[in-house]
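> got a structure for you, letters missing:
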């Protein structure tokens, strides 16, 4: 054994030039992120002084790499050890923040150490493959790259000639966010192809973005809260890397509340678990808002200065602007939104103490502040009804609100509410609660979101479509309308002239991960040719015509900064297995064969280097050479990011928007019954399917007579969606899928632990093992998300969910799923 | 000197990282786990016991070799294959182990594993180059990563702990972090009635 015999990379500790940019950053909060980054100029980063890079045995080498799925980690850096050309060990890094403290973004989870078994799994796709059997049979023959490229591009050329560019579609999911993985988008852009967009988590993401940010509060800010509301998220499973923020906060005296239909691990760590009826979280937020207003916790200054609360809204839902009063030309920078101040409408900048409540009239135009609109919406509900709907006793709602208003309060949310079609009613309501009570724009106050609110190092910008931007992009269809497009052949009113006849799938496994799996298989069956590039023979690959193998994470050099305050270069540690080629090379080969060779002349290294050659990168001192030397360059804020405090909101108004002026469906142009006024501000209606009981004016879904249970698929720590399904050490801990249910429901159905059950609805069925969990709310059936087809005794849980969506965002609604359950044996 | 582990049960959330990190670092064969994370609650991991919604219980408890001060396994080993180092770590010499299973029967904690005919998920050795050997017909168990500790590194379960819940150190040094924790927190040992005096302390 040799101690520290070599160092394979040259990481050195660099002194960090303390910047005085903090105050300037706060002042520039309404600028762009780029402008903000420039304020940080001089931050030379904190490279690793990392004992993890030491090697301990002769002949070993270590490489800087990253574990990576579309999990909340999205890039937990690690050192991988290579012996005899094979990756044989993985250790997490010890990167330092500029102040010398350990980075919060590097202690991976159980999955980090399971990567070697994925990398060398028999499920790896090693060679280009062509389907020989029935779709889904898994019967393929090995072909050469030349044959694969020739046959795929011959087909595409024929489709382009016969049906035009929209007949070819590209689907990209979120397999991982290494920079090269998205490169097929370059070819898609040039070809003007249709995109089939993944729309998972869109309601949760875009409601937060529409309000202000992806990270109202970065994860690191969690322990700054005095009261922490874990709400619509299951962080022990979906963000294990940051779960210690909960226990750290609690140890420091933070009161932790968990609001969930399921008693999760987070609930077991909380001071208080509040059980809520599924899909009614938006009503609880409204109840807390009503009580806060009743008890005098309205933060008028916050509403006046940080939010759109004082903006005057006309009866048509649009803001009153100076041009409405003949005082500016419409559409010019001078055409300010008006507020009511001192008895008259004035431009925002001219107001001293704008009204937030009341009804006013000017030049015959009736107006009221946006906050008044919110009050009208809240007036449609009384607390007793909210208690009845949420099935939370009123005294508990009162108690929660008292806690909320007792100090700095933060909501730690995720995408639980998102997975019901009425998810927006939660995010809009919860963010309005933050805005009205002034629990926003400060450390420890506001909202942080699992899978969404991590730091992402500035300065890494993929140049995938640079030089081809002038090609007109094709349209984007989402899974909610894909079945209609495939059935009808076109949807002219939404801009789709022709249904895809060929699909190229990269960076994703939609057959398993998207709801309504049978609709996807049907879509595949209606196409002439489906191609997928993937690391493993995932379920979607089994239904494809051609499978193109790509390297595993550690088999290529790549860049990444997602959910890490560092921009990182990950070094190739081993040769690509079999004949796998990375997405960059595959795209170039396809592009050249299509006759677009002039747009694919860049080398891979030049492409990567170009992604860190921009003004923001320069502002953080990032260069290609420095990255190669140091591997990880710190390029973020030292203090936790908080929207409106040290990072700007994304909104056009520069304010937090609980009111959405002129809102339109974001992703689909074909709706004819859009209710813009209703959707402009918080309201509550039940989800489209998972509403099994009549409450108030909302009648039960008649399907519930046959299918009385709601099936939800929760994230589990053992997978990132379908990734890690091929790791033996994971399967030893969690070997098979099962449905968890409440003991009372199980008893009524005559089901015991370990029984085999059938779960079904009109769409399909699954046969699967039953597990009894006292923590599951009666009426719910819970399955871990991500098990692929061959894991089930029969059927598939993804066949049970549908593809209906609310109109505001095209959205995957896995939890809008009513089922019946019976014992099989 | 006596090395020990402390596991903060308020922080442990059952993430299983200690289990997979251990498995990789020690090149454990398929089907063998030296470090398992149990759930006090329902029958299946990560489930609760009790009555919904106000009387529910779930607590994760990782279990590996307890490196007892009075190890029952050492006392029964007929070949001297199991012994205790001066620093308290209980080890097994696979060259001397005859696979008689006496230690497995004597151990109250179900943490020793018999490897009859080891097979691995991949066809080359993983983990550290000096990871323990896994010879056919022998018993293995947690070594407190003695091979890492002697390099000044932490046991892998401590190093990898996602919940920041594990502590390693010398409980005979009153200034060590672990000694201070044990002095300031309530803790318990597993099955004290077994009389083995474990050196894994569970912080309550």
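Okay, I see it. This structure is a prediction, so every number in the text was calculated from the model and none was measured.

> check contacts around the closest residue to residue B:73 other than its chain neighbours.
Ranked by Cβ to Cβ, 6 or more residues apart in numbering or on different chains and with sequence neighbours excluded, the top spatial neighbour of residue B:73 is residue B:103, at 3.9 Å. Just so you know, the C-beta spots here come from the backbone N, C-alpha and C atoms, and that holds for glycine as well. Residues counted as contacts of residue B:103 (Cβ atoms under 8 Å, 6 or more residues apart in numbering or on different chains) are B:72-73, B:76-77, B:82, B:112, B:139.

> likewise for residue A:321?
A:328, A:330, A:335-338.

> tell me the secondary structure at the residue nearest to residue B:73.
Following DSSP: H, G, I helix; E, B strand; the rest coil, the label given to residue B:103 is helix.

> show me where chain B has its strands.
For chain B, the strands defined by DSSP state E occupy B:3-8, B:36-40, B:49-51, B:55-57, B:59-63, B:82-84, B:90-92, B:113-115, B:138-140, B:166-170, B:187-188, B:200-203.

> pull out the buried positions in the third one.
Within strand B:49-51, the residues that count as buried by 16 or more other Cβ atoms under 10 Å in any protein chain shown are B:49-50.

> same check on the fourth one?
Using 16+ other Cβ under 10 Å as the test for burial, strand B:55-57 gives residue B:56.

> pull up the pairing partners for it, direction included.
Using DSSP bridges, strand B:55-57 pairs in its sheet with strand B:49-51 (antiparallel).

> any stretches of chain B with poor pLDDT?
Along chain B, the model assigns pLDDT under 70 to no residue.

> tell me the centre residue of it?
Central residue of chain B (Cα atoms, centre = their mean): residue B:64, 2.3 Å from the mean position.

> that residue and residue B:156 touch, don't they?
No - under the criterion of Cβ atoms under 8 Å, residue B:64 makes no contact with residue B:156, lying 10.8 Å away.

> find residues that contact each of those two.
Between them, residue B:64 and residue B:156 share the contacting residues B:18, B:22, judged by Cβ under 8 Å, 6+ apart.

> what segments of the stretch 601-750 of chain A are helices?
A:604-610, A:615-619, A:624-630, A:676-679, A:728-733, A:743-749 (DSSP state H, counting those that start in this stretch).

> reformat the ones you listed as a markdown table; add distance to residue A:795.
Shown next, in a markdown table, are the helices of the stretch 601-750 of chain A (distance: least, Cβ to Cβ, whole Å):
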| stretch | distance to residue A:795 |
| --- | --- |
| helix A:604-610 | 43 |
| helix A:615-619 | 49 |
| helix A:624-630 | 48 |
| helix A:676-679 | 36 |
| helix A:728-733 | 20 |
| helix A:743-749 | 18 |
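
> now those helices as TSV including distance to chain B?
Converted to TSV, those look like this (distance: least, Cβ to the nearest Cβ, whole Å):
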stretch	distance to chain B
helix A:604-610	28
helix A:615-619	31
helix A:624-630	23
helix A:676-679	33
helix A:728-733	4
helix A:743-749	8
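
> which one of the ones you listed lies nearest to residue A:588?
Closest approach to residue A:588 among those (Cβ to Cβ): helix A:604-610, 8.7 Å.

> show me the contact partners of that closest one.
Residues contacting helix A:604-610 (Cβ under 8 Å, 6+ apart): A:179-180, A:183, A:463, A:466, A:557-559, A:569, A:582, A:584-585, A:602, A:624.

> do that again at 6 Å, thanks
A:463, A:559, A:584, A:624 (Cβ atoms under 6 Å, 6 or more residues apart in numbering or on different chains).

> report the buried residues of it.
A:604, A:607-610.

> and these, which is closest to residue A:81?
The nearest one, if we look at the buried residues of helix A:604-610 relative to residue A:81 and count by Cβ to Cβ, is residue A:608, at 23.8 Å.

> off-centre distance for stretch A:305-315?
Offset of stretch A:305-315 from its chain centre (Cα atoms, centre = their mean, to the nearest Å): 29 Å.

> likewise stretch A:796-812?
16 Å.

> in the stretch 101-250 of chain A, which spans are helices?
Secondary structure of the stretch 101-250 of chain A (DSSP H, counting those that start in this stretch): helices located at A:115-119, A:145-163, A:184-191, A:202-211, A:235-238, A:244-251.

> what's the most buried one of these?
With neighbours taken as mean count of other Cβ atoms under 10 Å in any protein chain shown, the helices of the stretch 101-250 of chain A reach their highest mean count in helix A:235-238, at a mean of 26.

> could you report the pLDDT at residue A:33?
Predicted confidence (pLDDT) for residue A:33: 30.

> same deal with residue A:21?
With respect to pLDDT, residue A:21 has a value of 30.

> then residue A:69?
pLDDT, residue A:69: 84.

> just give me the neighbour total for it.
If you count neighbours by other Cβ atoms under 10 Å in any protein chain shown, residue A:69 ends up with 23.

> same question for the one 3 residues further on.
Residue A:72 is flanked by 26 other residues according to other Cβ under 10 Å.

> so it makes contact with residue A:239?
Yes - between residue A:72 and residue A:239 a contact is recorded at 3.6 Å, counting by Cβ atoms under 6 Å.

> up against chain A, what does chain B have?
Residues of chain B lying near chain A by Cβ under 6 Å from any Cβ of the partner chain: B:11, B:13, B:15-17, B:20-21, B:23-24, B:30, B:42-44, B:47-50, B:52-53, B:56, B:58, B:121-122, B:124, B:126-127, B:129-130, B:162-164.

> no further questions, thank you.
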